[in-house]
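Asks: sharing a sequence plus its predicted fold:
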Amino acid sequence: MTTVVFIHGTGVREPHLTALLARVAPGLAATAPDASLVAYDWGRPYGAVLAADGASIPAASGAGTARDTADPGDRDEAEQWARLYDDPTAELATVSAGTGPRVTAPGAAFPDERPRSLLRALAAHGEPRAAVLGPRLQEAAAELARSPLLGPAADALDQESLAWVLARSLTALVVAGELAADSPVQCDGDARDAAVAGLAERLGAEPAGTGRGPLLRLAGKPLVHLGSRYAVRRRRALTDAAHPAAGDILKYLARGEDMRRGLRELVVTLEPPVVLLGHSLGGIIALDTLISGPLPGVELLTTVGSQGPFLYETGALPSLAHPDPLPAHVPPWLNLYDRRDLLGYAAEPLFPGRAHDIATDSRQPFPVAHSAYWTDPAVYRAIGERLP
């Protein structure tokens, strides 16, 4: 009888492991009724914990710093900018929403002609004081000059106010683009505000004008909370929820020998043939354990939604550095990944002839796809067909 050792992924603790096994067991039985399922619960003895009860988590607001005791409206500023980074034209859209049909006297200039002209000039020549934002300013100015929201906003606002709204939208467009490009450097709030002031003046505002107050409290969409005042207040709860998953990965890469040793100790107690079935970090643990030395009785390695191939290619897999080949004692390797699971990677291109990939499709988006393998019959069919 084949014994399948299920090795769970990051953050899994009881009672979730029992619930997970209740899904895996019948799925496996449907295609391999003679196989027995054994769980390797590495999370309980070896997983990440806050050993000092969260002493590393900074104190919540109210600890006495100048910013902590500032007016609540000032603390909202970060949330307002988070909303703008998420949607750089949110403020323009809010302003435009209340305007009616445009009525212009014959021969008169449209209110948006001058701001569009100023934006096009900015797109052509840039603004030295805004250079701290990053290289996308001229591109962002050209994009904003074409915005259909500019006309209604120009109808609704005076020149001074519109200049500040456009300056904030421009700044948000540039920063959002830099974030999307994974730029390693971002400006702080003071540098951002100085850039906004320079842009506003370039777009028609008076020097040191007073029209800088944000209008985002009028926006209809919810504010983005990640990294906002909400997240700071709730940091302990968020850390408690997130640290097992993130901490497990970091702890394994730094001190994973206990997890590998525990798996070896479990396997030697089992009758062969044995199959290692690892999900996510569990697949990395299984792969690393097999690479680091022969494990008698194990005849198949199966990884599901695992980052092992990625770690190997990037030089982060503890037991094997690219381009070194898999040791001869590693058994055949079946690697399954969902096309929409951004945490599942292909092994066959890296280990041709040693690993076999199967792409599945749960029809779920990420991150749901990363945990949807265990209700997908195709996953169990692929595993059952290859069990020794």
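Replies: That came through fine.
Asks: once you drop chain neighbours, what's closest to His8?
Replies: Gly282 (5.2 Å; C-beta to C-beta, 6 or more residues apart in numbering). No exception for glycine: its C-beta is placed from N, CA and C like everyone else's.
Asks: since we're on Ala176, how many residues are nearby?
Replies: By the criterion of other C-beta atoms under 10 Å, Ala176 has 17 neighbours.
Asks: typed the wrong thing, it's Pro296
Replies: 10.
Asks: which residues sit in contact with the residue nearest to His8?
Replies: Residues near Gly282 by C-beta atoms under 8 Å, 6 or more residues apart in numbering: 6-9, 40, 42, 306.
Asks: just the buried members of those residues?
Replies: 6-9, 40, 42, 306 (16 or more other C-beta atoms under 10 Å).
Asks: with secondary structure, pLDDT and distance to Leu300 added, can I get those in TSV?
Replies: Listed next are those as TSV, based on DSSP: H, G, I helix; E, B strand; the rest coil; pLDDT from 0 to 100; distance: C-beta to C-beta, whole Å:
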residue	secondary structure	pLDDT	distance to Leu300
Phe6	strand	97	13
Ile7	strand	97	13
His8	coil	96	18
Gly9	coil	94	19
Tyr40	strand	97	15
Trp42	coil	95	20
Ser306	coil	96	15
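Asks: give me the element Ala382 is part of.
Replies: Here Ala382, judged by DSSP states H and E, is contained in helix 377-386.
Asks: any idea of the mean pLDDT in that helix?
Replies: Helix 377-386 shows a mean pLDDT of 95.
Asks: what separates it from the chain centre, distance-wise?
Replies: 30 Å (C-alpha atoms, centre = their mean, to the nearest Å).
Asks: again with stretch 172-187
Replies: 15 Å.
Asks: which one of the buried ones among the contacts of Gly282 sits closest to Tyr85?
Replies: For the buried ones among the contacts of Gly282, the minimum distance to Tyr85 (C-beta to C-beta) is 31.2 Å, reached by Gly9.
Asks: the closest one is in contact with Ser280, isn't it?
Replies: Yes: the criterion here is C-beta atoms under 8 Å, and Gly9 meets it with Ser280 at 3.0 Å.
Asks: tell me which helix or strand Phe110 sits in.
Replies: Per DSSP H and E: nothing holds Phe110, as it lies in no helix or strand.
Asks: can you list the low-confidence ranges for the stretch 151-300 of the chain?
Replies: 182, 184-185, 208-245 (pLDDT under 70).
Asks: lovely, talk soon.
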